[in-house]
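Participant: Structure, please.
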Amino acid sequence: MSTSTNPDQLADTAARPPGKLGRSVFIAAAAAVGGFLFGYDSAVINGAVIGIQHHFAVSSTEMGTVVATALLGSAVGAAAAGRLADRLGRLRVMHMAAALFAVSAIGSSLAQSVWDLGAWRVLGGIAIGLSSVIGPTYIAEIAPAAYRGRLASFQQGAIVLGITASQLVNWGIAKGAGGRSENSLGPLDAWQWMLLAAVVPAAIYYALTSRIPESPHYLVTRGRTDEARRAVVEVQGTEVDAETRLAEIELALRNAHKPRVRDLFGGSFGLLPIVWAGIGLAVFQQLVGINVIFYYSSILWQSVGIDQSGSLLISLSTSIVNIVGTVVAMLFIDRVGRRPLALIGSAGMAVSLALASWAFSYKTGSGDSISIPDTQGTVALVAAHTFVFFFAVSWGVILWVMVGEMFPFRIRAAAMSVATAFNWLANWAVTESFPRMADWNLSATYACYAAFAMLSGVFVLKVVRETKGRQLEDETAV
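Facilitator: Model prediction:
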């Protein structure tokens, strides 16, 4: 094999449209099923939370802790994913995540105490953390450059589909149990069926990822050149110059070394600037409060006077809006670019959250007699759906695309793990604090999220560089 490729020629072959785009789409979609489970397992608790509270007789604060424990597991899984992926391979980590998802679903549905449930949720959280890193990593490495933004968007597309599927399943199960998650449905309560249902997509994830090739990047690092060549051809077709593509990867690897966390240090504030940029993107994505909608919306809408069945239906409708926004983002991310979409999203989210804050300030009553005036209630519903749309069309997709392509190859796995771990820690902080903050002042809580949405736009303007069209082997990002 020729190794005379120079840096100016990197990824010329990868930039060409692949001869087997359909196969590339299938491979990316199979890897993104982990994102579906990520979304499903993260959001399914939304429909089950009332039933869990009733079954175990816990307060909203204790329930918030149980919901948030899964996110600590996610941070652990994300932090470990890069090292596991480099040691075991991308596909084995996917299989590991699928197995953990299934075991967690079974254990959570049969939990004997709320803390037992929390432990099983931590295990599921580890699976979420693994899949949140390995999906974007794998897709970025196998995707042709001409289609990388759209194929990488499959991860977020799968996440929102998983969220929507969980809300649809929750609503259907609750309807079958008389409209309430605490009611019995056969041998189990409705909330238990909601958690158990994740076994099905976990099995599908394992089966699909058993039919796709290992990442050529990983195979080259292991000296398995023949397998790497076959993987390149399988993804991009026989028209691709596989030898040139392998030479590009080998050149990048020769200029790199095994990624270590200490390689992320060296900037004026400790970490490299590009790592801080990734961490900032990951943290701001959560500080706008998006997962309050997906984890607590059933409680949120009941807190302003809507019954449980109606709140589950609203959760489903916001999930559908999430899908629509994600599709729009997938259509425009390679045309418009990452930064412009992020700025549009930040502005839209800030306005929507501010309107929600205003509407929630009119909440009156307590206990079972909570209400909100019709005008403000309508504004709150429209603002919530608009917020979800602007998030989905921007930050929902952009984070997972950018962390897969913004870091240079020599630090990518370690940097992605660190950024994603911070994403889960921020998610945990918001999820853990929301019940207490909402009990204190729901309007002020949403005002805080609106402020973070404004700051996210400033952060993009000042810190984030565009990655549209940049090749993965480009080392100039640092």
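Participant: Which parts of the stretch 51-200 of the chain are helices?
Facilitator: 60-88, 90-109, 114-142, 148-176, 190-196, 199-209 (DSSP state H, counting those that start in this stretch).
Participant: Could you export those helices as a markdown table, including mean neighbour count, distance to residue 250 and mean pLDDT?
Facilitator: C-beta coordinates here come from the backbone N, C-alpha and C atoms, glycine included. Putting these into a markdown table (neighbours: other CB atoms under 10 Å; distance: least, CB to CB, whole Å; pLDDT from 0 to 100) gives the following:
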| stretch | mean neighbour count | distance to residue 250 | mean pLDDT |
| --- | --- | --- | --- |
| helix 60-88 | 21 | 16 | 84 |
| helix 90-109 | 22 | 18 | 95 |
| helix 114-142 | 26 | 14 | 88 |
| helix 148-176 | 25 | 20 | 83 |
| helix 190-196 | 26 | 46 | 93 |
| helix 199-209 | 19 | 26 | 94 |
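Participant: Take these and lay them out in TSV including distance to residue 441.
Facilitator: Listed next are those as TSV, based on distance: least, CB to CB, whole Å:
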stretch	distance to residue 441
helix 60-88	15
helix 90-109	32
helix 114-142	27
helix 148-176	27
helix 190-196	29
helix 199-209	38
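Participant: among these, which is nearest residue 290?
Facilitator: Taking CB to CB as the criterion, helix 148-176 is the member of the helices of the stretch 51-200 of the chain that comes nearest to residue 290, at 10.3 Å.
Participant: Tell me the helices and strands packed up against the closest one.
Facilitator: helix 21-43, helix 45-56, helix 114-142, helix 190-196, helix 308-336, helix 395-405 (3 or more CB pairs under 8 Å, 6 or more residues apart in numbering; DSSP states H and E).
Participant: Can you redo those helices as a markdown table, where the extra columns are distance to residue 283?
Facilitator: Shown next, in a markdown table, are these (distance: least, CB to CB, whole Å):
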| stretch | distance to residue 283 |
| --- | --- |
| helix 21-43 | 17 |
| helix 45-56 | 22 |
| helix 114-142 | 14 |
| helix 190-196 | 29 |
| helix 308-336 | 20 |
| helix 395-405 | 10 |
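Participant: To residue 249, which of the ones you listed lies closest?
Facilitator: Taking those one by one with CB to CB, helix 114-142 is closest: 8.9 Å.
Participant: hang on, the earlier thing: identify whichever of the helices and strands packed on helix 148-176 lies nearest to residue 86.
Facilitator: Closest approach to residue 86 among the helices and strands packed on helix 148-176 is made by helix 114-142 (9.8 Å; CB to CB).
Participant: Show me how far that closest one is from its chain's centre.
Facilitator: Centroid displacement of helix 114-142 relative to its chain, using CA atoms, centre = their mean, to the nearest Å, is 10 Å.
Participant: Can you spell out which helices and strands pack onto that helix?
Facilitator: Using 3+ CB pairs under 8 Å, 6+ apart: helix 114-142 touches helix 21-43, helix 45-56, helix 60-88, helix 90-109, helix 148-176, helix 216-221, helix 395-405, helix 412-463.
Participant: Under the pLDDT cut-off, which ranges of the stretch 351-478 of the chain? List them.
Facilitator: Counting by pLDDT under 70, the ranges of the stretch 351-478 of the chain that qualify are 365-370, 469-478.
Participant: swap the cut-off to 80 and go again
Facilitator: Low-confidence segments of the stretch 351-478 of the chain, defined by pLDDT under 80: 363-372, 400, 404-405, 408-414, 416-417, 420-421, 466-478.
Participant: For the nearest residue to residue 417 once chain neighbours are set aside, give its distance to residue 90.
Facilitator: Nearest residue to residue 417 in three dimensions, chain neighbours excluded: residue 82, at 3.6 Å (CB to CB, 6 or more residues apart in numbering). For residue 82, the distance to residue 90 equals 11 Å [CB to CB, to the nearest Å].
Participant: which residues touch residue 45?
Facilitator: 52, 67, 70, 121, 195, 295 (CB atoms under 8 Å, 6 or more residues apart in numbering).
Participant: farthest pair in these?
Facilitator: 195 and 295, at 13.9 Å, using CB to CB across those.
Participant: okay but residue 137 is in contact with residue 416, surely?
Facilitator: Yes: the criterion here is CB atoms under 8 Å, and residue 137 meets it with residue 416 at 6.1 Å.
Participant: got any residues that touch both of these two?
Facilitator: Common neighbours of residue 137 and residue 416, using CB under 8 Å, 6+ apart, are 81-82, 404.
Participant: Quick check, pLDDT for residue 261.
Facilitator: Per-residue confidence (pLDDT) for residue 261: 64.
Participant: Packing partners of the helix or strand hosting residue 244?
Facilitator: Assigned by DSSP states H and E, residue 244 belongs to helix 242-254. Packing partners of helix 242-254 (3+ CB pairs under 8 Å, 6+ apart): helix 12-15, helix 216-221, helix 225-236.
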